[in-house]
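Asks: Predicted model and sequence below, questions to follow.
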Amino acid sequence: MEAVPTESDKIELSEHELREIAGYAARCARRALPLFEQSLPADPRPRDAVDAADVFAAGGRRTGALRQSAWAAYRAAQEAASPASAASPAAADAARAASHAAASAYLHPLADAHQVKHVLGAAAHAARAEELAAEDLAAEDLAVGDLAVGESRPGTVAERAAGRSPAAGVGILEWACRHAPPAVAAVLGRLPAAPPGGGRVGELMRDLDAALRA
């Protein structure tokens with residue numbers, strides 16, 4: 001029986017695997033970028049972070065600018081979540097996904113459950129952004145009478161949400177599971193399971209973690 005890694009263990013982590021993880025995180029985050037940019041089109045910080053992650057994944061250096069792009073996207077997420085912001089509920093999680101994409105390049109080779117966030121944080125926040133966008137559109141449709149009491153108009157929300165549904169987050173997780181390169185599952189297998197907590201994003205992360213380990 002294979003031993004479960006402990007928190008003090010170092011794990012094997014090649015540069016190729018690190019770049020594969022960063023590219024995967026960037027692809028997951030890029031799916032949610034429109035949800036931020038529709039609300040805050042003049043703010044380039046999340047896109048810059050995703051682009052920086054892609055550059056690293058393609059062979060670029062792990063520079064201070066890459067780290068700064070992750071922090072910049074994180075600050076964009078904080079501002080979007082502020083009560084004073086006019087951003088949609090999904091915008092903050094879309095920006096957090098971008099921040100996690102850039103930060104994935106800084107995954108530490110330690111058997112620490114929190115390192116799972118470096119691997120799957122972008123996917124989990126992108127999934128949550130999609131869920132919030134679908135919920136927002138459903139509420140808007142109800143408010144304007146698109147779904148009147150006793151009337152069924154299937155497809156209205158999905159069409160307006162460009163294919164999203166109330167189960168959009170789960171759909172993104174399925175996409176993330178199918179498109180994960182072998183390096184993602186290999187590295188997760190050297191780490192403890194995703195940690196508890198984290199609200200709905202934590203739940204989505206644990207679901208994806210479990211699916212990729214299966």
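Replies: That came in fine, so what should we check first? Numbers count the residues shown, from 1 in each chain.

Asks: And the next helix or strand past whichever strand or helix holds Ala77?
Replies: Using DSSP states H and E, the element containing Ala77 is helix 64-81. Counting by DSSP H and E, the next helix or strand C-terminal to helix 64-81 is helix 89-103.

Asks: That following helix packs against which elements?
Replies: Counting contacts by 3 or more C-beta pairs under 8 Å, 6 or more residues apart in numbering; DSSP states H and E, helix 89-103 packs against helix 15-37, helix 45-57, helix 64-81, helix 116-144. C-beta: built from backbone N, CA, C; applies to glycine.

Asks: how about those helices in CSV, adding mean neighbour count and distance to Tyr106?
Replies: Output for those, formatted as CSV (neighbours: other C-beta atoms under 10 Å; distance: least, C-beta to C-beta, whole Å):
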stretch, mean neighbour count, distance to Tyr106
helix 15-37, 23, 9
helix 45-57, 24, 10
helix 64-81, 19, 7
helix 116-144, 23, 7
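
Asks: Out of the ones you listed, which is closest to Pro181?
Replies: Pro181 sits nearest to helix 15-37 of all the helices and strands packed on helix 89-103, at 4.7 Å, using C-beta to C-beta.

Asks: Centre of the chain to the closest one, how far?
Replies: 8 Å (C-alpha atoms, centre = their mean, to the nearest Å).

Asks: Tyr24: what's it in contact with?
Replies: Residues counted as contacts of Tyr24 (C-beta atoms under 8 Å, 6 or more residues apart in numbering) are Ser104, Ala123, His179, Ala180, Pro181, Ala183, Val184.

Asks: measure the last one to Arg19 for me?
Replies: Meaning Val184. 12 Å (C-beta to C-beta, to the nearest Å).

Asks: what does Asp54 give?
Replies: 10 Å.

Asks: And Ala84, by the same measure?
Replies: Counting by C-beta to C-beta - Ala84 and Arg19 are separated by 38 Å.

Asks: Please apply the same query to His125.
Replies: 21 Å.

Asks: I'd guessed Trp125 sits against Ala94; true?
Replies: Check again: residue 125 is His, not Trp. Yes. Under the criterion of C-beta atoms under 8 Å, His125 makes contact with Ala94 at 7.4 Å.

Asks: which neighbours do those two share?
Replies: Ala29, Ala32.

Asks: in this structure, what secondary structure element scores lowest on mean pLDDT?
Replies: Ranked by mean pLDDT, DSSP states H and E, the weakest helix or strand in the chain is helix 156-160, scoring a mean of 37.

Asks: Just the CA trace of stretch 17-28, in PDB.
Replies: The C-alpha coordinates for stretch 17-28 follow below in PDB (Å, rounded to 0.1, in the frame of the first residue of the first chain):
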ATOM      1  CA  GLU A  17       5.400  19.600 -14.500                       C
ATOM      2  CA  LEU A  18       5.400  23.100 -13.100                       C
ATOM      3  CA  ARG A  19       5.000  24.600 -16.500                       C
ATOM      4  CA  GLU A  20       2.300  22.200 -17.400                       C
ATOM      5  CA  ILE A  21       0.400  23.100 -14.300                       C
ATOM      6  CA  ALA A  22       0.800  26.800 -15.000                       C
ATOM      7  CA  GLY A  23      -0.500  26.300 -18.500                       C
ATOM      8  CA  TYR A  24      -3.500  24.400 -17.300                       C
ATOM      9  CA  ALA A  25      -4.300  27.000 -14.600                       C
ATOM     10  CA  ALA A  26      -4.100  29.700 -17.300                       C
ATOM     11  CA  ARG A  27      -6.500  27.800 -19.600                       C
ATOM     12  CA  CYS A  28      -9.000  27.400 -16.700                       C
END
